[in-house]
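**Student:** structure for the following, please:
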Amino acid sequence: MNDLKSALNRAGWLDLIFIVPMFLLFSYLPTYNFWSILVNVIVVVFFAIGLAMAFHIVADFLKKKND
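**Tutor:** Predicted coordinates:
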């Protein structure tokens, strides 16, 4: 049960971190055509993957450092 609470807590923080860049990416669109929206969705997905990987790498590094 503690692992589930920890995982949901981390997922909640990651969702808050991801929503800001997503809104920023979609706010600067000069035109709302299909290609620009598709490119921004791809950018958001890759940014989210990279940010999640970086977050987990740093968290694991700090956890190992404290042990």
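
**Student:** quick one, helices of this protein?
**Tutor:** 2-27, 34-66 (DSSP state H).

**Student:** what packs against the last one?
**Tutor:** It stands for helix 34-66. helix 2-27 (3 or more CB pairs under 8 Å, 6 or more residues apart in numbering; DSSP states H and E). Glycine gets a C-beta too; all of them are placed from N, C-alpha and C.

**Student:** so for the helix it packs on, what's the average pLDDT?
**Tutor:** Averaged over helix 2-27, pLDDT sits at 70.

**Student:** how many residues are close by L51?
**Tutor:** For L51, the neighbour count with other CB atoms under 10 Å is 14.

**Student:** isn't it up against F18?
**Tutor:** Yes. Using CB atoms under 8 Å, L51 is in contact with F18, at 6.7 Å.

**Student:** go through stretch 47-54 and flag the buried ones.
**Tutor:** For stretch 47-54, a neighbour-count test (16 or more other CB atoms under 10 Å) marks A48 as buried.
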